[in-house]
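Peer 1: generate a structure from the sequence data that follows.
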Amino acid sequence: MVATRVQPDVTTGQVWRQLTKSSFAVVSHVTPAGDPRSSGVMYAVADRRLYVVVAPDSWKARHLAADGRVAVTVPVRRGGLLSLVAPIPPATISFHGTATVHPPGSAPDRLASLIPVERRASGSVVEIEPDGDFVLYGIGVPLLRMRVPAAARARVPVAGT
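Peer 2: Model prediction:
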């Protein structure tokens, strides 16, 4: 296993700003039966947490409520026009966290603007609180450095500044 370096050029605040600019993530978890699952979700960020709206009777709501432990990966597109002609993978921000499923209609007022109007009364809000470190790939490094995995990987504490 190659050691992942702590990236001195990227701060926790910069990672949170990138998470705020993005809106798509892959959330992975284990079902109550022990099967691995992952799904793409649209999210919003508030107070250093990610928020997702799901149907209250969906498998996402049921499975996430059963255990609460999740792994999240947010792809970050890089490269502009160059990415159309060169094989540049997306950068990623990954982390572990705890998911809490809130019942329909219980979203705090400060989150109301993050939830589509048609789902405010009927959607369950999943609150994902990251913990530990953000595991980064290609964040805060030049595009050409992304070709060298050891140079493109880094860790930044979730709770830093």
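
Peer 1: now for the closest residue to Lys60 other than its chain neighbours, how many residues are close by?
Peer 2: Spatial nearest neighbour of Lys60, chain neighbours left out: Val54 (4.6 Å); criterion: C-beta to C-beta, 6 or more residues apart in numbering. For every residue, glycine as well, the C-beta is placed using N, CA and C. By the criterion of other C-beta atoms under 10 Å, Val54 has 20 neighbours.

Peer 1: now do the phi/psi pair for Val54.
Peer 2: Val54 adopts backbone torsions of phi -130, psi 160, taken as degrees, to the nearest 10.

Peer 1: who's it bridged to?
Peer 2: Legend: beta-bridge partners of Val54 under DSSP bridges are Ser124.

Peer 1: that one contacts Ala61, correct?
Peer 2: Yes - contact criterion C-beta atoms under 8 Å: Val54 and Ala61 qualify, at 4.9 Å.

Peer 1: what segments of this structure are strands?
Peer 2: Assignment of strands within the chain using DSSP state E yields the ranges 24-30, 36-42, 44-46, 49-54, 69-76, 91-102, 124-137, 153-157.

Peer 1: including mean pLDDT and distance to Asp9, could these go into TSV?
Peer 2: Below are those laid out as TSV (pLDDT from 0 to 100; distance: least, C-beta to C-beta, whole Å):
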stretch	mean pLDDT	distance to Asp9
strand 24-30	96	24
strand 36-42	94	29
strand 44-46	91	22
strand 49-54	92	24
strand 69-76	97	16
strand 91-102	96	14
strand 124-137	95	11
strand 153-157	94	9
